[in-house]
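>>> Sequence first, predicted coordinates after that:
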Amino acid sequence: MKRFLIASLTLLMALTLSTSVGSSKVAAKELPYTFFFTHYELLGDPNNPEGVRYHSDGQPFAKAPDGSKITLSGKGGWDPSSQSAQGGGRYTIEDASGRVTAKGSWQVTDFTSFEQLDGWWGMGPEFKEKGWQGPKGSTSFSGFLKLKVHLENKGDGDLTAWCLMPAVSKPDNHQGDGISLTGANFDFTDFSESEMSFEGVMFYSSDPASKGYVLTSDGHTIRKTATVSSTASASTSASAMASVSPLPTSGGPSLVWPLTLVGALALAGSGVMAMVLLRRGLS
């Protein structure tokens, strides 16, 4: 009987941990908002393009006052409801002469804020978009995303990434997509060259309440109106976005039946009773 109880409890804990880990992996893939560092490829005549193709191997960059440059690659996502974020990629730092002085991985550690802006390509109704990186049926939009990040061998910092399509009313002196990265060990805030390049950022959302632009079956982008009421406006702060796209408060399965089952197994007086309770809990 003692051996049976030990074996039953061991099996139960293994099943519970396995289910929890599996659920965490699923939840990690279901962040409703995603970002990609993107490379833009104009299609047709560069002076009068007929479309654009998005590539997920973008490398936006920014420079420091001493002339050094950081280049990032990668992707990630965030959930404004839970104020959480994840993602990462690779970074490379070069000095003013172009010599590589540091490189490694970078990782998102926390969500700070997201501000959505209105406007898209504005290149006419025949302009097509290919290589859409977001989930099928997702919306895309311009805006500013702020994240806490950690750079391997360099420490913690604040990353700002933005997408500003041609038809967006651009704030300050911005010209296009870009990034900036600041921290105790780095200060990459000159983004002027990157904004004029074909390296940039794309944002997507699978949240039905998201306003933005959707891709039609023939490759054109049209404005989408939110399907449900939301406190998020076209230009929304992180606090306003917190009411959008609520996710389950639990990141894993309920522990009620496993705990109940453990207590029952411990009190059971026979192997038959323990097996009956185990089967009921697992059904």
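That came through fine.

>>> what are the phi and psi angles of the closest residue to residue 219 other than its chain neighbours?
Using Cβ to Cβ, 6 or more residues apart in numbering and skipping residues adjacent in sequence, the residue nearest residue 219 is residue 128, 4.0 Å away. In this view, the C-beta of every residue, glycine as well, is placed from N, C-alpha and C. When read as degrees, to the nearest 10, the backbone of residue 128 gives phi -110, psi 150.

>>> So what's the residue count around residue 128?
19 (other Cβ atoms under 10 Å).

>>> any idea how far it lies from residue 120?
Applying Cβ to Cβ, to the nearest Å, the value for residue 128 to residue 120 is 13 Å.

>>> Ok, residue 85 next?
From residue 85 to residue 120 the distance is 24 Å (Cβ to Cβ).

>>> Look at these two and report which has more neighbours.
residue 85 (24 against 19).

>>> Contact partners for the more buried one?
By Cβ atoms under 8 Å, 6 or more residues apart in numbering, the contact list for residue 85 reads 31, 76-79, 108, 110-111, 147.

>>> show me the contacts for residue 187.
Residue 187 makes contacts with 64-65, as judged by Cβ under 8 Å, 6+ apart.

>>> Could you list the low-pLDDT ranges of the protein?
Low-confidence segments of the chain (pLDDT under 70): 1-29, 226-283.

>>> quick one, helices of it?
2-28, 192-195, 238-241, 256-267, 271-282 (DSSP state H).

>>> how near is the closest residue in space to residue 157 that isn't next to it in sequence to residue 141?
Closest residue to residue 157 apart from its sequence neighbours, by Cβ to Cβ, 6+ apart: residue 183 at 2.9 Å. To residue 141, residue 183 is 28 Å away according to Cβ to Cβ.

>>> between the two, who's got more neighbours?
Using other Cβ under 10 Å, the more surrounded residue of residue 183 and residue 141 is residue 141, with 24 against 17.

>>> List the beta-bridge partners for that one.
In this entry, residue 141 is beta-bridged to residue 203, by DSSP bridges.

>>> what does residue 94 give?
Bridge pairing for residue 94 (DSSP bridges) gives the partners residue 69, residue 100.

>>> Which parts of this protein are strands?
33-45, 48-55, 61-63, 69-79, 84-94, 100-117, 128-130, 139-151, 155-163, 178-183, 186-188, 199-205, 212-215, 221-224 (DSSP state E).

>>> what's next to the last one, contact-wise?
Applying Cβ under 8 Å, 6+ apart, the set of residues contacting strand 221-224 from outside is 120-121, 127, 129, 139-140, 210-216.

>>> Repeat that for the fourth one.
Outside strand 69-79, the residues that touch it by Cβ under 8 Å, 6+ apart are 31-37, 56-64, 84-94, 106, 108, 111, 114, 145, 147, 159, 179, 181, 186, 188, 245, 247.
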